[in-house]
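Colleague: no sequence for this one, just the structure:
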């Protein structure tokens with residue numbers, strides 16, 4: 001209800017902090033006369049509420065016209081200079097505006113701001129054509145904190161990963177997906193959850209003394225409502241519809257932008273991010289170098305760095321860095337997507353629950369790629385780099401094979417089909433290109449957290465090792481069912497497992513399928529090409545382990561791995577379980593160590609948590625090389641000191657072949673685009689095709705891969721020479 005106040009009752013007594021008046025003075029009588037002559041009005045007829053710079057020539061009253069002032073007004077230098085941004089050129093000063101309780105830096109433009117209250121501006125700020133810009137004294141700027149006297153239900157929560165708010169987290173200015181992941185996915189520890197709230201409240205005085213802030217060189221023009229907002233340096237806002245209770249992080253190096261028709265409420269926009277063209281974001285944290293555009297709707301979600309969301313609807317999600325979703329027909333709800341993902345047009349991931357309440361969720365590790373017009377049922381889980389073929393998946397899925405291709409059943413009432421290691425067997429170009437592709441897309445100037453972009457890393461190797469055991473287990477079941485002679489006399493589980501493993505090694509051309517009931521509820525899955533997948537998985541693990549050992553040697557400027565170096569590697573702690581924490585691969589034991597430090601109050605704010613991530617990053621190479629040695633020894637079931645000359649030769653040959661295969665497969669994958677009849681038929685000739693898509697010989701990725709492969713194969717020939725007796 002609108003209240004009517006008399007002029008007497010509407011006046012407020014404002015106490016001005018003394019530090020704000022350093023270097024300021026009251027107006028002179030002549031200056032007041034000029035201001036009134038220019039049709040300016042002040043609620044305080046004495047103009048004693050008005051302070052200006054006391055520097056010589058620091059204030060020109062002729063630059064203020066047709067404006068109304070109340071509360072306190074404290075201006076920095078105001079000189080007859082022009083500010084320019086692109087093709088906008090405006091003289092400094094205040095014109096046709098209604099302002100109360102304002103503090104500015106030097107040389108600002110405030111023009112056609114029809115209502116402005118309780119804001120502080122930096123220097124060289126442009127405010128042009130704004131309907132309303134104001135700030136309450138209890139604003140939180142999108143942070144999940146409370147002010148003095150506020151009830152708990154006033155706190156802003158983000159209901160990420162699940163629609164029922166059972167994984168809700170509090171947003172804060174420095175939040176990254178790693179923080180949201182730990183908070184939302186370790187819900188069984190009440191003490192830890194309480195400490196997360198305390199970490200978020202750290203530094204909050206709870207005083208009702210907040211004010212809006214727009215930092216140096218920011219430009220806000222042609223916008224409607226800006227309320228309870230903090231806007232960073234050099235930010236550019238044009239044509240925004242409504243910005244309320246938000247923080248816009250921006251700097252000269254990472255400029256953030258908000259464009260036409262945008263509505264953003266209760267959230268935090270990261271450095272260097274851009275939101276355009278009628279996009280809507282409510283209850284959000286958006287990371288660095290992200291784009292939200294073309295009518296996209298982002299609600300109750302955390303979006304990782306270097307991501308793009310366009311046209312689509314994204315609700316109740318935790319999304320790690322490098323997420324791509326560009327299509328108006330795609331829908332994502334109640335998921336944890338662990339990055340490097342691509343959601344195709346028509347993909348409907350959500351609102352297909354299997355319970356009487358909307359409490360289902362989907363958990364997809366990095367590299368998740370559902371095909372066109374795919375839909376899934378909650379709850380479902382996907383291993384890393386799972387590629388889902390176009391189709392309707394009518395039942396819950398648990399895809400346990402990384403780098404696999406999954407195909408739906410034809411009628412929804414039969415087994416799905418899974419080809420493990422499909423990426424390595426049939427599209428090596430795409431998977432090999434991923435690392436370089438994501439590194440190029442990483443435009444962050446400040447990298448708060450290390451993001452692992454290599455598809456081959458401890459997390460995916462861990463999944464591959466689990467998949468290898470699974471293939472052996474089901475192969476054993478198949479051989480027993482077929483009464484294969486290799487199983488004769490095998491009585492113990494260990495012997496059965498060993499016989500199946502030997503069969504896979506000795507019969508590389510065997511062709512059969514097996515049934516894995518866990519991968520799809522009710523109808524299970526047919527796993528195709530398991531022998532080829534087994535061989536490919538092992539080859540990739542050997543390649544990864546050897547490459548990691550080679551990288552370790554290069555760091556030390558040595559060519560060969562020696563027993564002394566092996567002993568040095570053994571001194572590093574061995575971690576066999578790893579987690580993708582916001583894009584950074586961290587040993588699970590280190591996560592538990594972090595939780596212990598938080599609960600013991602040795603870590604008391606989120607900046608200290610981020611410092612812990614940095615410590616893990618600094619030790620990552622050591623932890624990774626120790627894990628690589630462990631993998632190599634696990635593959636051959638013996639310490640590396642006991643490897644024979646033939647075994648070393650086998651590893652060298654396999655890894656060299658793998659490296660060569662990676663290049664040749666990548667080349668062939670891309671070459672198809674130049675030789676396929678249907679790819680060529682739209683071009684009149686080869687010259688036109690190359691003019692459009694570029695010549696194959698000039699593909700920078702393939703040229704670099706060829707060079708790197710040649711160096712790698714030369715290096716692999718000597719890496720184990722120091723261990724051969």
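Modeller: Received the coordinates, thanks. Note that the structure is predicted; figures quoted are calculated from it, not measured.
Colleague: flag every buried residue along stretch 243-257.
Modeller: Buried residues in stretch 243-257, defined by neighbour count with 16 or more other CB atoms under 10 Å: 243-251, 254-257. Where C-beta positions appear, they are placed from N, C-alpha and C, glycine not excepted.
Colleague: again but with stretch 536-556, I slipped
Modeller: By 16+ other CB under 10 Å, the buried positions in stretch 536-556 come out as 536-550, 552-553.
Colleague: just stretch 101-119 next, same as before
Modeller: Result for stretch 101-119 [16+ other CB under 10 Å]: buried residues 101-111, 113, 116-119.
Colleague: so which of those sit within helices?
Modeller: Of the buried residues of stretch 101-119, none are assigned to helices by DSSP state H.
Colleague: could I get the average pLDDT for the longest helix seen in the chain?
Modeller: Longest helix of the chain, by residue count under DSSP H: helix 645-675. Mean pLDDT, helix 645-675: 82.
Colleague: packing partners for it?
Modeller: When contacts are defined as 3 or more CB pairs under 8 Å, 6 or more residues apart in numbering; DSSP states H and E, helix 645-675 packs onto helix 428-441, helix 530-555, helix 677-680, helix 686-693, helix 700-716.
Colleague: what angle sits between that helix and helix 686-693?
Modeller: Following axes from the mean of the first three to the mean of the last three CA atoms, to 10 degrees, one obtains 110 degrees for the angle between helix 645-675 and helix 686-693.
Colleague: quick one: helix 645-675 to helix 700-716, angle?
Modeller: Comparing the axes of helix 645-675 and helix 700-716 via the same axes, to 10 degrees yields an angle of 170 degrees.
Colleague: how distant is helix 645-675 from the center of its chain?
Modeller: 32 Å (CA atoms, centre = their mean, to the nearest Å).
Colleague: list the buried residues of it.
Modeller: Buried positions in helix 645-675, judged by neighbour count with 16+ other CB under 10 Å: 648, 651-652, 654-656, 658-659, 661-663, 665-667, 669-670.
Colleague: and the angle for that helix with helix 530-555?
Modeller: Using the same axes, to 10 degrees: helix 645-675 against helix 530-555 is 100 degrees.
Colleague: tell me which entries of the buried residues of stretch 243-257 lie within strands.
Modeller: 243-248, 257 (DSSP state E).
Colleague: wait, what's in contact with residue 376?
Modeller: 348-349, 352, 362, 370, 388, 393, 397 (CB atoms under 8 Å, 6 or more residues apart in numbering).
Colleague: secondary structure class for residue 486?
Modeller: Here residue 486 is recorded as helix under DSSP: H, G, I helix; E, B strand; the rest coil.
Colleague: residues in contact with it?
Modeller: Here residue 486 is in contact with 479, 499, 502-503 (CB under 8 Å, 6+ apart).
Colleague: on that earlier part again, which pair in the buried residues of helix 645-675 spans the largest distance?
Modeller: Farthest-apart pair in those is 648 and 670; separation 33.4 Å (CB to CB).
Colleague: tell me the contacts of the closest residue to residue 203 other than its chain neighbours?
Modeller: Of all residues not flanking residue 203 in the chain, residue 605 sits nearest, at 7.0 Å (CB to CB, 6 or more residues apart in numbering). Applying CB under 8 Å, 6+ apart to residue 605 gives the contacts 199, 202-203.
Colleague: which ones among these lie within helices?
Modeller: Those of the contacts of residue 605 lying in helices (DSSP H): residue 199.
Colleague: give me the pLDDT for residue 1.
Modeller: Value for residue 1, per-residue pLDDT: 57.
Colleague: re the thing from before, for the ones in strands among the buried residues of stretch 243-257, give me JSON lines that also has pLDDT and distance to residue 450.
Modeller: Shown next, in JSON lines, are these (pLDDT from 0 to 100; distance: CB to CB, whole Å):
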{"residue": "243", "pLDDT": "98", "distance to residue 450": "32"}
{"residue": "244", "pLDDT": "98", "distance to residue 450": "34"}
{"residue": "245", "pLDDT": "98", "distance to residue 450": "31"}
{"residue": "246", "pLDDT": "98", "distance to residue 450": "28"}
{"residue": "247", "pLDDT": "98", "distance to residue 450": "24"}
{"residue": "248", "pLDDT": "98", "distance to residue 450": "25"}
{"residue": "257", "pLDDT": "98", "distance to residue 450": "27"}
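Colleague: pull the most distant pair out of those.
Modeller: In terms of CB to CB, those reach their longest pairwise distance at 245 and 257, which sit 19.4 Å apart.
Colleague: so can I have JSON lines of the buried residues of stretch 243-257 showing distance to residue 384?
Modeller: Shown next, in JSON lines, are these (distance: CB to CB, whole Å):
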{"residue": "243", "distance to residue 384": "37"}
{"residue": "244", "distance to residue 384": "38"}
{"residue": "245", "distance to residue 384": "37"}
{"residue": "246", "distance to residue 384": "34"}
{"residue": "247", "distance to residue 384": "33"}
{"residue": "248", "distance to residue 384": "34"}
{"residue": "249", "distance to residue 384": "30"}
{"residue": "250", "distance to residue 384": "34"}
{"residue": "251", "distance to residue 384": "34"}
{"residue": "254", "distance to residue 384": "29"}
{"residue": "255", "distance to residue 384": "34"}
{"residue": "256", "distance to residue 384": "31"}
{"residue": "257", "distance to residue 384": "33"}
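Colleague: and which of the residues you listed is nearest residue 568?
Modeller: Nearest member of those to residue 568, counting by CB to CB, is residue 254, at 39.7 Å.
Colleague: next up, the contacts around that closest one.
Modeller: 271-272, 288-289, 444-446.
Colleague: got JSON lines for the residues you listed, with pLDDT and secondary structure too?
Modeller: Shown next, in JSON lines, are the contacts of residue 254 (pLDDT from 0 to 100; DSSP: H, G, I helix; E, B strand; the rest coil):
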{"residue": "271", "pLDDT": "98", "secondary structure": "coil"}
{"residue": "272", "pLDDT": "97", "secondary structure": "coil"}
{"residue": "288", "pLDDT": "97", "secondary structure": "coil"}
{"residue": "289", "pLDDT": "96", "secondary structure": "coil"}
{"residue": "444", "pLDDT": "92", "secondary structure": "coil"}
{"residue": "445", "pLDDT": "91", "secondary structure": "coil"}
{"residue": "446", "pLDDT": "92", "secondary structure": "coil"}
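Colleague: show me just the buried residues among the residues you listed.
Modeller: Among those, those classed as buried by neighbour count (16+ other CB under 10 Å) are 271-272, 288-289, 444.
Colleague: what strands flank the longest strand anywhere in the chain, and is each parallel or antiparallel?
Modeller: Assignment by DSSP E gives strand 219-231 as the longest strand of the chain. Partner strands for strand 219-231, per DSSP bridges, with pairing direction: strand 126-134 (parallel), strand 212-214 (parallel), strand 236-238 (parallel), strand 242-248 (parallel).
Colleague: any idea of the mean pLDDT for that strand?
Modeller: Across strand 219-231, pLDDT averages out at 98.
Colleague: in it, what counts as buried?
Modeller: Neighbour-count burial for strand 219-231, counted by 16+ other CB under 10 Å, picks out 219-221, 223-231.
Colleague: how far off centre is that strand?
Modeller: Relative to its chain's centre, strand 219-231 lies at 26 Å (CA atoms, centre = their mean).
Colleague: check contacts around residue 300.
Modeller: By CB under 8 Å, 6+ apart, residue 300 lies in contact with 158-160, 282-284, 315-317.
Colleague: my bad, should have said residue 384
Modeller: Counting by CB under 8 Å, 6+ apart, residue 384 touches 338, 365-367, 402-403, 455, 459-460, 463.
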